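Undergrad: this is a predicted model, with the sequence first.
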Amino acid sequence: MQNYSQSEKRMSRQEIYINVGDTDKIIAKSDNSLKVNTKLLLRYLAGADPLDDPNCRSCFHFPTCGGGCPYTRIKNEYEGDNIDVCSYIKGNMKEFLELHYLNKSK
Ligand code: SF4
């Protein structure tokens, strides 16, 4: 983690954060005082494409799920997390439809 001077801390409002407060996740600063972190930027732009996932490509739920949360997908792929990205409806369609019906028929 980098140490920031007082003036840099004052400029923190100009910084562009993906994860607010995590200086390792800074992609760039609006005043161009920091070189763009291209590796991280490309990871966020292209590292979470659900069409790269064969499970998503063949999934019935893809039109409504869209591949789940892209940030979770990136955390799984690049930071060693193992969080389920699937919609909670997957595997629970019958229960979901019953609850949906009950809610709509109130
Ligand atoms: S439910 Fe899971 S496998 Fe299906 S599209 Fe969503 S993330 Fe992909």
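TA: Done, it's in.
Undergrad: which residues touch stretch 70-87?
TA: Arg43, Tyr44, Gly47, Ala48, Pro50, His61, Thr64, Cys65, Gly67, Gly68, Cys69 (CB atoms under 8 Å, 6 or more residues apart in numbering). C-beta: built from backbone N, CA, C; applies to glycine.
Undergrad: and that stretch, what's buried?
TA: For stretch 70-87, the neighbour count (16 or more other CB atoms under 10 Å) marks Arg73, Ile74, Lys75, Asn76, Val85, Ser87 as buried.
Undergrad: between the contacts of stretch 70-87, which is nearest Lys25?
TA: Nearest to Lys25 among those: Tyr44, at 9.4 Å, using CB to CB.
Undergrad: what is the neighbour count of Ala48?
TA: Per other CB atoms under 10 Å, the neighbour tally for Ala48 reads 22.
Undergrad: circling back: just the buried residues of stretch 70-87: which are in helices?
TA: Within the buried residues of stretch 70-87, residues falling in helices by DSSP state H are Arg73, Ile74, Lys75, Asn76.
Undergrad: list just the nearest of the residues you listed to Leu97.
TA: Using CB to CB, those come closest to Leu97 at Arg73, 26.7 Å.
Undergrad: low-confidence ranges in the chain?
TA: 1-18 (pLDDT under 70).
Undergrad: just want the most central residue of it.
TA: Centroid-nearest residue in the chain: Tyr71, 1.4 Å away (criterion: CA atoms, centre = their mean).
Undergrad: what about the longest helix in the chain?
TA: Under DSSP H, the chain gives helix 93-104 as its longest helix.
Undergrad: picking up where we left off before, distance of the residue nearest to the centre of the chain relative to Glu77?
TA: 11 Å (CB to CB, to the nearest Å).
Undergrad: please apply the same query to Lys90.
TA: For Lys90, the distance to Glu77 (CB to CB) stands at 20 Å.
Undergrad: then Val36?
TA: Counting by CB to CB, the gap from Val36 to Glu77 is 21 Å.
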